[in-house]
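>>> Need a 3D model of the following:
(one chain, ligands or ions: 1)
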Amino acid sequence: MSKLSCICGHIIVDQTDNISYKAHFIRNQDIDAIDNQVEDINNFVNAIKNGERNKWLKKYFESEIYQNLPDSTVISDIISKYNLEYQNDMFLCEKCGRIKIQKGDENKFISFLPEDNHWIDIFKGLSKS
Ligand SMILES: [Zn+2]
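This next block holds a predicted model:
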C-alpha cells in the first residue's frame with residue numbers, strides 16, 4: 001500500500017519510513033507461529049557450528065545469494081520472513097482520527113471512528129531516538 005483514501009477526503013500516504021500515523025500489529029493467535037522464528041535462528045546457529053552454513057542457507061531460502069552475506073543479515077531476513085507473513089498494518093487518518101486496520105492478508109482496510117479526540121498521537125513512537 002502506498003496511498004489509502006479516507007472517507008473524510010484525506011489521503012493517507014505510506015511512502016517513507018518512520019511514519020507517525022502508521023503502526024503494525026500481530027494477531028494473538030499467530031504468536032505461536034511467529035515463535036518458530038526462534039527455532040529457525042537456532043537451527044541456523046547450529047548449522048554454523050556444524051560447518052553446514054551454506055547448505056542450510058540454500059535449503060532454507062532456496063537461494064544461494066545468502067552464502068556471502070553476514071550472519072546478521074541472515075537473522076534479520078529470517079525475522080523479516082515471519083513479519084511479512086503475519087504482521088499487518090494500521091493507519092491513523094490525521095484529519096478525522098479514523099483508524100484503518102488491514103483485514104487478513106488482503107490489501108483491504110476496515111475503518112474505525114474514535115469516540116473522543118485523544119487520538120492524534122496514538123501511533124507516535126515510544127522510542128526516544
Ligand atoms: Zn479521515
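>>> what's near enough to touch residue 89?
1, 14, 22, 23, 24, 25, 102 (C-beta atoms under 8 Å, 6 or more residues apart in numbering). C-beta coordinates here come from the backbone N, C-alpha and C atoms, glycine included.
>>> could those go into a markdown table alongside pLDDT?
Shown next, in a markdown table, are those (pLDDT from 0 to 100):
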| residue | pLDDT |
| --- | --- |
| 1 | 61 |
| 14 | 94 |
| 22 | 96 |
| 23 | 96 |
| 24 | 95 |
| 25 | 96 |
| 102 | 94 |
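>>> Please indicate which of the residues you listed are buried?
The neighbour-count test (16 or more other C-beta atoms under 10 Å) marks 22, 23, 102 as buried among these.
>>> Please export the C-alpha coordinates of the longest helix along the chain as CSV.
In the chain, assigned by DSSP state H, the helix with the most residues is helix 71-86. In CSV, the C-alpha atoms belonging to helix 71-86 read as follows (Å, rounded to 0.1, in the frame of the first residue of the first chain):
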residue,chain,number,x,y,z
ASP,A,71,25.1,-13.7,9.8
SER,A,72,23.3,-10.6,11.0
THR,A,73,21.7,-10.2,7.6
VAL,A,74,20.6,-13.8,7.5
ILE,A,75,19.0,-13.5,11.0
SER,A,76,17.3,-10.2,10.0
ASP,A,77,15.8,-11.8,6.9
ILE,A,78,14.6,-14.8,8.9
ILE,A,79,12.7,-12.3,11.2
SER,A,80,11.5,-10.3,8.1
LYS,A,81,10.1,-13.5,6.6
TYR,A,82,7.9,-14.0,9.6
ASN,A,83,6.9,-10.3,9.8
LEU,A,84,5.9,-10.4,6.1
GLU,A,85,3.7,-13.4,6.7
TYR,A,86,2.0,-12.4,10.0
